[in-house]
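>>> Structure, please.
(chains A and B)
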Amino acid sequence: MTLRGERIRIIPLSHLSSSFSTRRRGAEAYERLLPLLKDGPVVLDLDCIGVMPASFLDALILRLIDSGRTGDVTFKTANARAKEKLRRLSGLRDVNLFLHRELGSPEKLEPKSPEPQQVQQAP
Amino acid sequence: MELSLRSVDELCAGVDLDVPKPTLDLSTVSFVEPGGLVYLGMFLRHFNSLGKFFNIITPRSTAVTRYLNSQRFWERYDISGASEGLHSLPRFGHLTSLRDVIDIENDHWVADSVGDMVAKLLRQKSVKIDVNLVTEVVVELVDNFSRHSGEQLAACAMQLYSARAELHFAVGDCGVGIRGSLARNPKYADLSGAPHHEAAVKALEDGVTGSSEGGTGFGTVLGAVLDLGGQMSLCTGDGWVRIESGRQGVQFGTMRYNLPGVQVEVIMPVEG
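Below you'll find the predicted structure:
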């Protein structure tokens, strides 16, 4: 239950797509997620997904931003790499993303800003 | 000479393209890496599209000849102008195997399919590397090239060198290149007059894309390759950039040949 007494619906990402590899798949996953959001906020479970490039997540998140639904989706993952991707996308797209916690309110992910690259001519 | 992404431009720059049928001399090639193979393939594909054909001096090394034959390299290009046109060349589009160069079509499944093949092969051979991370690298690169693939197909190739403890993956095309692609976005229109390497460095930044959506692919690949302790080289036009684990920042330089398109090679260490 959320603090507002809403039932938490945890949806495995595998319910939205059979593949998590590309930007196109991320867009398709969003289309499958959208009808589910009509019944209220969801927690999207990213665990048990082995390969999930940032482009997939980026496509999903961009569409949530465009439709104003980022507040309706919390992410669930124990995977450090997945969290880093979410932090990176949060910084890149300037959007607040939240991590589901078993107890207590969702945790706002600290956005990660891109680091400027040092560029040098090869000898 | 060993044909790698670092040396193949010298071979291409040495071809006299001013004559009606230039000679491509592969006689001294003693070894071919995926980066060199893909670049050379794109060189041939580019000139095929311009209706230019070559006299080939074949490699003296039987090992190299055998390798190129096993990759079905020659069948893809109208080397001598003997075919009935580019449309009659075999398109090894919907996936042959990682024993071949794989041509990359613009379709929804090619990145998944190549990623699955790579993951399966690495697991079957019990290669000691983070298979998921390598697969992410491959999928991001192949998908990127697939989305840009047009009349001229992109291609990828992979080799595992057990003795060197290295995994090489290369992918390339002979399309508009990074500068041309980014400059389509009004935000980066200024790059149209910049050196190619400058556009390449820009493309490595998160969020930078010539399209309406994107800009996360190269960042993902870079991050993963560095996590794996590897290196990534990218050539576009007459510019190249390289990022290596253990070395700060991005190195850049000038290619000896100005080939349209983009050619990328990632080299990742495997545990012995």
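>>> Would you state the strands of the chain in chain order?
Here I'm looking at chain A. Assigned by DSSP state E, chain A shows strands spanning A:9-12, A:42-45, A:73-76, A:98-99, A:107-108, A:119-121.
>>> that answer is for a different chain, and I need it for chain B
Counting by DSSP E, one finds strands in chain B at the ranges B:2-3, B:23-25, B:31-32, B:55-57, B:102-104, B:154-161, B:166-172, B:231-244, B:250-269.
>>> Residue B:121: which of the strands of chain A is closest?
strand A:9-12 (27.6 Å; CB to CB). Backbone N, C-alpha and C define where each C-beta goes, glycine included.
>>> which one of the strands of chain B has the lowest average pLDDT?
Ranked by mean pLDDT, those bottom out at strand B:102-104, which scores a mean of 84.
>>> What's the separation between residue B:23 and residue B:56?
8 Å (CB to CB, to the nearest Å).
>>> Which of the two has more residues huddled nearby?
Using other CB atoms under 10 Å in any protein chain shown as the criterion, residue B:23 and residue B:56 rank with residue B:56 on top: 16 against 12.
>>> What sits closest to that one if chain neighbours are left out?
What sits nearest to residue B:56 in space, not counting adjacent residues and going by CB to CB, 6 or more residues apart in numbering or on different chains, is residue B:24, at 5.2 Å.
>>> Would you confirm that the one you found contacts residue B:53?
No. Residue B:24 lies out of contact with residue B:53 (CB atoms under 8 Å); the separation is 10.1 Å.
>>> list the residues that contact both of the two?
Residues touching both residue B:24 and residue B:53 by CB atoms under 8 Å, 6 or more residues apart in numbering or on different chains: none at all.
>>> who does the helix-or-strand element of chain A with minimal mean pLDDT touch, helix- and strand-wise?
When each helix and strand of chain A is scored by mean pLDDT, DSSP states H and E, strand A:119-121 comes last, with a mean of 89. When contacts are defined as 3 or more CB pairs under 8 Å, 6 or more residues apart in numbering or on different chains; DSSP states H and E, strand A:119-121 sits against strand B:250-269.
>>> Pull out the buried residues from the strand it packs on.
Within strand B:250-269, the residues scored as buried using 16 or more other CB atoms under 10 Å in any protein chain shown are B:250-252, B:255, B:257, B:259-269.
>>> and those near chain A, which?
Restricting the buried residues of strand B:250-269 to those touching chain A (CB under 8 Å from any CB of the partner chain) yields B:250-252.
>>> any idea how far the nearest residue to residue B:268 once chain neighbours are set aside is from residue B:8?
Nearest residue to residue B:268 in three dimensions, chain neighbours excluded: residue B:230, at 3.7 Å (CB to CB, 6+ apart). Going from residue B:230 to residue B:8 by CB to CB gives 20 Å.
>>> Looking at these two, which one has more neighbours?
More neighbours surround residue B:8 than the other of residue B:230 and residue B:8, with 29 against 24 (other CB under 10 Å).
>>> where does the chain dip in pLDDT?
As the question left the chain open, I've gone with chain A. The model of chain A has pLDDT under 70 over residues A:1-6.
>>> that answer is for a different chain, and I need it for chain B
For chain B, applying pLDDT under 70 flags the ranges B:77-99, B:150.
>>> same thing but at 50, please
Within chain B, the stretches with pLDDT under 50 are B:92-95.
>>> Tell me where it has helices.
Applying DSSP state H to chain B gives helices spanning B:8-13, B:34-49, B:62-70, B:110-124, B:131-148, B:177-183, B:196-203, B:217-227.
>>> Is it possible to get TSV of those helices that adds distance to chain A?
Shown next, in TSV, are the helices of chain B (distance: least, CB to the nearest CB, whole Å):
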stretch	distance to chain A
helix B:8-13	14
helix B:34-49	16
helix B:62-70	28
helix B:110-124	5
helix B:131-148	4
helix B:177-183	15
helix B:196-203	5
helix B:217-227	4
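>>> give the contact list for the closest residue to residue B:262 other than its chain neighbours.
Sequence neighbours aside, residue B:236 is the residue nearest to residue B:262 in space, at 4.8 Å (criterion: CB to CB, 6+ apart). Contact partners of residue B:236, counting by CB under 8 Å, 6+ apart, are B:177-179, B:196, B:199-200, B:261-263.
>>> Find the closest residue to chain A in the stretch 151-272 of chain B.
Nearest residue of the stretch 151-272 of chain B to chain A (CB to the nearest CB) works out as residue B:249 at 3.1 Å.
>>> So which residues of chain A form helices?
With DSSP H as the criterion, chain A has helices at A:23-37, A:54-66, A:80-93.
>>> Give me whichever of those helices is most buried.
Stretch with highest mean neighbour count among those: helix A:54-66 (a mean of 23; mean count of other CB atoms under 10 Å in any protein chain shown).
>>> and it, what does it pack onto?
When contacts are defined as 3+ CB pairs under 8 Å, 6+ apart, helix A:54-66 packs onto helix A:23-37, helix A:80-93, helix B:131-148, helix B:217-227.
>>> With distance to residue B:101 added, can I get those in a markdown table?
A markdown table is the format used below for those (distance: least, CB to CB, whole Å):
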| stretch | distance to residue B:101 |
| --- | --- |
| helix A:23-37 | 24 |
| helix A:80-93 | 31 |
| helix B:131-148 | 13 |
| helix B:217-227 | 20 |
